[in-house]
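K.L.:
3D model of this:
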Amino acid sequence: MSASDPGAGLPAATGLEVVEVGALVTVQDAGRPGLAHLGVPRAGWLDAPAAALANRLAGAAVGSAVLEVTLGGVALRAGAATWVAVTGAPCAVSVDGRPAGHGTPVRLPAGGLLRLGPAQGGVRTYLGVAGGIAVDPVLGSRSTDTLSWTGPPRVEPGAVLPVGTPVGPPAFADVPAPAPAPTAALVVDPGPRADWCVDSVAHLCGSAYVVTTDSDRVGLRLDGAPLRRAPGREGQELASEGVALGSVQVPPDGRPVVFLADHPTTGGYPVVAVVREAGLARCAQLRPGAQVRFTRS
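P.N.:
Next up, the predicted model:
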């Protein structure tokens with residue numbers, strides 16, 4: 001690692017010891033864009049604005065790796081005093097049992113126990129640390145890809161997460177982050193296979209969908225009025241082709257899937273629309289049962 005690396009590590013003793021974890025905790029940065037031709041998913045944080053805010057508040061360099069905590073629940077003990085910041089899905093934050101702030105820098109003393117409770121709204125909470133989480137990068141990124149499990153392993157109790165060298169002071173003033181919304185209106189553009197389903201974009205924009213329980217970092221899976229194959233397309237199959245982040249793919253049951261950061265690099269079902277980038281952070285925070293509507297710009 002070079003001195004310019006935002007996560008250049010210090011000895012493990014200065015890191016964060018993982019005491020408890022909830023459903024899923026992973027290390028994420030901006031991911032591995034540009035490697036899809038090698039079959040490598042991009043991965044990376046799902047709610048990019050929340051992750052960037054966590055880094056700014058904690059005083060970490062732009063692009064530093066953070067912890068992404070799904071539905072809350074993690075406890076970490078500091079090997080050395082450091083600044084941290086919690087953003088994204090709101091949750092109770094405490095240091096050594098005393099309440100601490102969400103969306104603001106928090107001083108974690110050496111030996112201090114930081115605890116994040118269950119998410120009170122939204123899905124994914126982000127923990128930024130001064131210096132960033134400095135696990136070893138894989139293919140140029142510290143992100144965990146849950147589709148192929150490329151990158152660092154999921155965060156488990158007993159692990160010690162190395163922390164990099166801080167590059168600046170914490171930020172006590174920043175743009176307030178909006179609370180995760182319980183519903184979403186996602187702006188889409190027509191996809192490369194929009195003609196494979198009957199009035200695909202109009203159907204999407206005229207229907208209401210609900211997030212299902214099998215949604216994950218790979219895709220936001222939706223239930224609602226199914227899309228029907230266009231005449232002459234019934235029973236046909238596409239050769240596998242590249243798919244982009246935000247693609248709205250229609251499997252055989254006609255219920256759309258919005259591809260998120262850990263999506264496969266190729267797919268054989270038609271992509272009828274693509275969600276614009278600004279909507280992807282909304283997708284990251286939608287709980288099962290949340291309503292989704294699509295709209296054209």
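K.L.:
average pLDDT for stretch 206-218?
P.N.:
The pLDDT scores in stretch 206-218 average 97.
K.L.:
From start to finish, how long is it in a straight line?
P.N.:
Stretch 206-218 has an end-to-end distance of 25 Å (Cα to Cα, to the nearest Å).
K.L.:
can you check stretch 206-213 too?
P.N.:
23 Å.
K.L.:
Then stretch 140-160?
P.N.:
21 Å.
K.L.:
before we move on, what about stretch 64-82?
P.N.:
For stretch 64-82, the end-to-end distance is 15 Å (Cα to Cα).
K.L.:
What of stretch 27-41?
P.N.:
First-to-last residue span, stretch 27-41, Cα to Cα: 15 Å.
K.L.:
Now it: buried residues?
P.N.:
Val27, Gln28, Asp29, Ala30, Gly31, Arg32, Leu35, Ala36, Val40, Pro41 (16 or more other Cβ atoms under 10 Å). To be clear about C-beta, it is placed using only N, CA and C from the backbone, and glycine gets the same treatment.
K.L.:
can I get these in a markdown table with distance to Pro99 and secondary structure?
P.N.:
Shown next, in a markdown table, are those (distance: Cβ to Cβ, whole Å; DSSP: H, G, I helix; E, B strand; the rest coil):
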| residue | distance to Pro99 | secondary structure |
| --- | --- | --- |
| Val27 | 26 | strand |
| Gln28 | 26 | strand |
| Asp29 | 29 | coil |
| Ala30 | 32 | coil |
| Gly31 | 33 | coil |
| Arg32 | 37 | coil |
| Leu35 | 42 | coil |
| Ala36 | 44 | helix |
| Val40 | 41 | coil |
| Pro41 | 38 | coil |
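K.L.:
now those residues as CSV including distance to Ser247 and pLDDT?
P.N.:
Below are the buried residues of stretch 27-41 laid out as CSV (distance: Cβ to Cβ, whole Å; pLDDT from 0 to 100):
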residue, distance to Ser247, pLDDT
Val27, 25, 98
Gln28, 20, 98
Asp29, 22, 98
Ala30, 19, 97
Gly31, 16, 97
Arg32, 17, 97
Leu35, 17, 93
Ala36, 12, 92
Val40, 17, 93
Pro41, 13, 92
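K.L.:
Format those as TSV; extra columns: distance to Val201.
P.N.:
Listed next are these as TSV, based on distance: Cβ to Cβ, whole Å:
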residue	distance to Val201
Val27	37
Gln28	31
Asp29	33
Ala30	30
Gly31	28
Arg32	30
Leu35	30
Ala36	24
Val40	30
Pro41	26
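K.L.:
what's the most distant pair in these?
P.N.:
Val27 and Ala36 (21.0 Å; Cβ to Cβ).
K.L.:
now this structure, which segments are flagged as low pLDDT?
P.N.:
Low-confidence segments of the chain, defined by pLDDT under 70: 1-13.
K.L.:
Taking the chain centroid, which residue in the chain is the extreme one?
P.N.:
Gly232 (38.0 Å; Cα atoms, centre = their mean).
K.L.:
my guess is it is in a helix, correct?
P.N.:
No. The assignment for Gly232 by DSSP: H, G, I helix; E, B strand; the rest coil gives coil, which leaves it out of any helix.
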